[in-house]
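1. Give me a model of this one.
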Amino acid sequence: MKTNVVSVNFGAGREYPYLNDKFDLAVGDKVYVDGKLAGTPGTVTEVLTKFKVSLKYYKYVLQKIDYTVRGKFCTMDHYYITAQNDALPFEQLSAWVTAPEPVDEDEEEEQFLYGDGYDIALDELEEPEEGAVPETEPAAFWHGKDYEENGRLKFVTVIGGKGMRVLQTEKNVTTVEFDLDAENRRMINVYCDCIRPRLCADMTAVAYALRRVFDRGAAAAGDDFTLIERRLFRRVIESSEHMVIF
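-> Below is the predicted model:
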């Protein structure tokens, strides 16, 4: 696409120009940018194709935030879910939760090394015993159940049997990826990008959520579906133009 300059408004009288060479942007679009306001979503107010700017002073648009939501969403406990093959892609959902890392040409891009993934049977999740101490085994199941029940699991999306999920705390955002064998109610090849190398609460949180989906009959084997935490879904709907059918 052709490079342009966009004005981006961040509220409180803050509006600045940025270079855009990756996205088809129009007035009203929401974006993340590089620079001092990295991580703060802004709104495009102008798109200019006639310009001469210094690369020494201008920062770039890093990501367009797509708040478009279409399809039939139903409530399920503390989630909204769609299971009509209107599942939303991970990249779109991820931008609702976290901004991309600012550009640093001197820093190497983060890389991951994969070992064997975990397998989790949804019907064999270990329930914490009453009165048990969370720090003892199985801590991953204890904390995972707590994460899932208290809204730290922001979304799960499954498309073509491939699943991605994001969990957010006050300080961190972690991503779990997995293959879903829905017919046998199993997650296979489960990986998490948190610092813990073992089976972690992030993995088990999504397992509890998936078991909830199938126990409620909200999705069937072979369905694509997206599960979104209720407060996140409502925030997105309230802050953007959209078309949602309930």
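2. D179: how many residues sit nearby?
-> Residues near D179, counting by other Cβ atoms under 10 Å, number 16. From N, CA and C alone the C-beta is placed, and that goes for glycine too.
3. in its sheet, what does the strand or helix carrying it sit against?
-> D179 belongs to strand 173-181 when assigned by DSSP states H and E. Its sheet considered, strand 173-181 pairs with strand 162-168 (antiparallel), strand 186-192 (antiparallel) by DSSP bridges.
4. Deepest in the core, which of these is it.
-> strand 162-168 (a mean of 21; mean count of other Cβ atoms under 10 Å).
5. Only C-alpha atoms, please: export it in PDB.
-> Provided in PDB are the C-alpha atoms of strand 162-168 (Å, rounded to 0.1, in the frame of the first residue of the first chain):
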ATOM      1  CA  LYS A 162      -6.400 -24.900  16.400                       C
ATOM      2  CA  GLY A 163      -6.900 -22.900  19.600                       C
ATOM      3  CA  MET A 164      -5.400 -19.700  21.000                       C
ATOM      4  CA  ARG A 165      -6.200 -18.100  24.300                       C
ATOM      5  CA  VAL A 166      -5.000 -15.000  26.200                       C
ATOM      6  CA  LEU A 167      -4.900 -14.600  30.000                       C
ATOM      7  CA  GLN A 168      -4.300 -11.200  31.500                       C
END
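6. What are the contacting residues of that strand?
-> Contact with strand 162-168 is made by 90, 93-94, 97-98, 147, 152-157, 173-180, 187, 202, 205-206, 209-210, as judged by Cβ atoms under 8 Å, 6 or more residues apart in numbering.
7. And stretch 88-96, by the same measure?
-> Contacts to stretch 88-96, defined as Cβ under 8 Å, 6+ apart, come from residues 32, 63-67, 69, 82, 154-155, 157, 159, 164, 166, 175, 226, 228, 232, 236.
8. Flag every buried residue along it.
-> Buried positions in stretch 88-96, judged by neighbour count with 16 or more other Cβ atoms under 10 Å: 88, 90, 92-96.
9. do stretch 198-218 as well
-> 199-213, 218.
10. now, which of these sits nearest A121?
-> Closest approach to A121 among the buried residues of stretch 198-218 (Cβ to Cβ): A207, at 8.6 Å.
11. you'd agree that closest one is in a helix?
-> Yes: assessed with DSSP: H, G, I helix; E, B strand; the rest coil, A207 lies in a helix.
12. which ones are touching it?
-> Shown in contact with A207 (Cβ under 8 Å, 6+ apart): 120, 122, 125, 144, 187.
13. could you pull out the helices for the protein?
-> Counting by DSSP state H, one finds helices in the chain at the ranges 90-97, 139-149, 201-215, 230-238.
14. Mind checking which residue lies nearest the centre of this structure?
-> Against the mean C-alpha coordinate of the chain, by Cα atoms, centre = their mean, the closest residue is S94 at 2.8 Å.
15. Got the domain ranges for this structure?
-> Per automatic domain parsing, the structural domains of the chain span 4-65, 74-238.
16. can you redo those as a markdown table with mean pLDDT?
-> A markdown table is the format used below for the domains of the chain (pLDDT from 0 to 100):
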| stretch | mean pLDDT |
| --- | --- |
| domain 4-65 | 94 |
| domain 74-238 | 85 |
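17. Using PDB, write down the CA coordinates of the strand holding D179.
-> C-alpha atoms of strand 173-181 as PDB (Å, rounded to 0.1, in the frame of the first residue of the first chain):
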ATOM      1  CA  VAL A 173      -0.400 -11.100  29.300                       C
ATOM      2  CA  THR A 174       0.300 -14.800  28.400                       C
ATOM      3  CA  THR A 175      -0.800 -16.800  25.400                       C
ATOM      4  CA  VAL A 176      -1.600 -20.500  25.300                       C
ATOM      5  CA  GLU A 177      -1.800 -22.400  22.000                       C
ATOM      6  CA  PHE A 178      -3.200 -25.900  21.500                       C
ATOM      7  CA  ASP A 179      -4.900 -28.300  19.200                       C
ATOM      8  CA  LEU A 180      -8.400 -29.300  20.200                       C
ATOM      9  CA  ASP A 181      -9.700 -32.900  19.900                       C
END
